[in-house]
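Chemist: what follows is a predicted structure for the sequence shown.
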Amino acid sequence: MTESAIIEGLRMPGDAIIDGDAVIVAARFDNVTPRDGRVIGKVALCSPADVDRAVASARAAFENGRWRDLAYNDKKKVLFRLADLIEAHLDELATLESLDMGKPVADARAFDIPASAKTFRYYAEALDKLYGEVGPHHPGRISWVQHEPLGVIGCIVPWNFPLNMAAWKVAPALAMGNSVVLKPAEQSPLTAIRLGELALEAGLPPGVLNVVPGTGEITGQALAKHNDVDMIAFTGSGSVGGLLMRYAGESNLKRVSLELGGKSPQIVFADCPDMEAAAQAAAWAIFFNQGEVCTAGSRLLVQNSIKAEFIERVVAVAKTIVPGDPLDPATRFGAMVSEEQMTGVLRRIERAKADGAKLLLGGHRVREESGGFYITPTIFDRVDPSSALATEEVFGPVLGVIGFDTPDEAFKLANSTIYGLAAGVWTADVNLAHRAARRIRSGLVWINGWDACDITMPFGGFRQSGFGRDRSMHALEKYADLKAVTISFTGGQ
C-alpha cells in the first residue's frame, strides 16, 4: 500500500470527547503534519465553556461512583480491554502518531503504542495492590490509613510521545478511581482522541475520561484554572510548569505534578567496559525521536584521555542516522514536530557556533523540498560548560561534547545546570558507579546503559526538572489522598 493510500484510508479524529460522546465544538484548528507541512485535518479547539462541560461531566461521574466505586475486578477488566484495543489498533495508532508529530512509524509501532498498552495493563494489575496501613496498637482504639481518589484530574500531556505520555498519567489516575479530563498538545491530538474513543468501547463509563483538544493558552489555561479540578498532572516545559503552579494558586490550590525539562549528561570514563556500546548509546540518547525527548542525553562528558577516540566513534554512528520520511518503515530519524520547533533548534545551533563551539557534524535543515521540517543530527565539540548549549534545553538533535579529567570534575559538570532529570555513567569500576549514583543530582541514573528501565521504575526529576513521579506503583500515590480512620472501643475491653 502506498503512503498516500495509507493516509487516505485513515480516519482523522478531530472531535472532543465529553460525557461519552464525540462533541463538535464551535472552533477548530488546522492539524499540520511535519512530514510534509500539509494540513491533514481539522481538530476541535475547546473553549473554556467546553472545558466546563468536560469537568462537570467528570465531576458527576466521580460523585455518583460509577467508576470510583466499581469493584476492583471490574475496573481491571475495563483497563485490560482498553490495553487489548490499543494493541488491536496498533497500525492505525502508530500511523496517526507518526503523521502527527513526525516520529518514524517504525518507532511508533515498536515502542510508543505497545508501551502505552503495557502501561494500562500494568496499572490494571496494580490497582488492588496499593495497601493501606494499620496504626500502632492501642488498648482503647484501632486505627488505619486508607487511600482515596482525589476526584477530577486534569492531565496535560506533551507532543513528543503523545499516547505514551497520556497513558502514563491517565492509567494510574483511572486505576485509583478518579475521573480524568485529558488535554493533548495541539501539535499531536489525534491518538489522545482515539484513546478517549477506545476507552468508551472498552466499557469505561461516560464522563470518566473526557478529551479536550485545543491550545495551551485557551484550553489548557481553562483546565488549570478550573475550581472543580482537584489536580493537574503535566509533562512539558518549565515555563508552562511555572504558569500551572501560578494558576493553581489563583484558583482552588489544586495539586500540581510536574515532569519538566532536562539537560541530561552521559558520562564516559576511561575504563568504559564497552566503547562501541557506549558510543551507540551516546548517539541514540540524543538522536532518538529527533532529540525531542525530555531525558535526551544532550551533554556528552568524556574523560580527556579517551575523548578523541570516543568522539570519532560517536560521529561514525551519527553519520548512519539519516533524516527520512516518517512513514517509511526504514526511517530511523524523522521530522521535527513543527516549523516553529525546527526554527528554534536551528537558531540554537547558530548561537552555539557564535559561542565558539566546534561543529563536527550536521547543523542544517534537509529535505526542504518535501515541505517538511527536518534537521540533520548535529554534534559540537569544545563546548563551554557555561554556554547556552551546555546549560539550556534544546529539545532537538544537538549534542554538545565536554571533556573532563577527574570524577569530581565530571560530577560537578553533571550537576551544573538547573535540571536534574536523567544521567548516564559508563565505567567498569563498581565503586565509581556507586559514587556517581550518589553524587549526581538526577531522578534517574543509568549505569552502563541508557534509558535502561521500564514501567516498573519511577520517572521524574530533581530541581527544575519537576516533582512528582510517573510510572511504577509510586504514580498511584500521587492520584490519591490519605485518610486516617480511628474507631474507639466502648463498653470496656
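Modeler: Great, that's in hand. This is a predicted model, so every value here is computed, not measured.
Chemist: C-alpha only now, for contacts and for neighbours.
Modeler: Will do.
Chemist: quick check: what element follows the helix or strand hosting residue 435 along the chain?
Modeler: In this structure, residue 435 is located in helix 430-439 according to DSSP states H and E. Read in the C-terminal direction, the helix or strand following helix 430-439 is strand 444-447, with elements assigned using DSSP H and E.
Chemist: direction included, what does that next one pair up with?
Modeler: For strand 444-447, the paired strands and their directions (DSSP bridges) are strand 422-426 (parallel).
Chemist: between helix 430-439 and the strand it pairs with, find me the angle.
Modeler: Note on geometry: by axes from the mean of the first three to the mean of the last three Cα atoms, to 10 degrees, strand 422-426 and helix 430-439 are set 170 degrees apart in direction.
Chemist: before we move on, back to that, for the helix holding residue 435, packing partners?
Modeler: Taking 3 or more Cα pairs under 8 Å, 6 or more residues apart in numbering; DSSP states H and E as the contact definition, the neighbouring helices and strands of helix 430-439 are strand 422-426.
Chemist: starting at the chain centroid, how far to the strand it packs on?
Modeler: When distances are taken as Cα atoms, centre = their mean, to the nearest Å, strand 422-426 is centred 19 Å away from the chain's centroid.
Chemist: in it, what counts as buried?
Modeler: Along strand 422-426, these residues count as buried under the neighbour rule (16 or more other Cα atoms under 10 Å): 422, 423, 424, 425, 426.
Chemist: okay, those in a markdown table with distance to residue 54 next?
Modeler: Compiled in a markdown table, the buried residues of strand 422-426 are given as follows (distance: Cα to Cα, whole Å):
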| residue | distance to residue 54 |
| --- | --- |
| 422 | 35 |
| 423 | 39 |
| 424 | 41 |
| 425 | 45 |
| 426 | 48 |
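Chemist: with distance to residue 30 and pLDDT added, can I get these in CSV?
Modeler: Below are the buried residues of strand 422-426 laid out as CSV (distance: Cα to Cα, whole Å; pLDDT from 0 to 100):
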residue, distance to residue 30, pLDDT
422, 35, 98
423, 38, 98
424, 39, 98
425, 43, 98
426, 45, 98
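Chemist: between those residues, which is nearest residue 361?
Modeler: For those, the closest approach to residue 361 (Cα to Cα) belongs to residue 424, at 22.5 Å.
Chemist: ok, the closest one touching residue 445?
Modeler: Yes - checked against Cα atoms under 8 Å, the pair residue 424 and residue 445 is within contact range at 5.7 Å.
Chemist: so for stretch 88-103, what's the average pLDDT?
Modeler: Taken as a whole, stretch 88-103 has a mean pLDDT of 98.
Chemist: tell me the buried residues in it?
Modeler: Within stretch 88-103, the residues that count as buried by 16+ other Cα under 10 Å are 90-103.
Chemist: out of these, who's nearest residue 45?
Modeler: Nearest to residue 45 among the buried residues of stretch 88-103, counting by Cα to Cα, is residue 100 at 16.2 Å.
Chemist: mind checking the SS state of that closest one?
Modeler: What DSSP: H, G, I helix; E, B strand; the rest coil gives for residue 100 is helix.
Chemist: dihedrals phi and psi, residue 329?
Modeler: For residue 329, the backbone dihedrals (degrees, to the nearest 10) come out as phi -60, psi -20.
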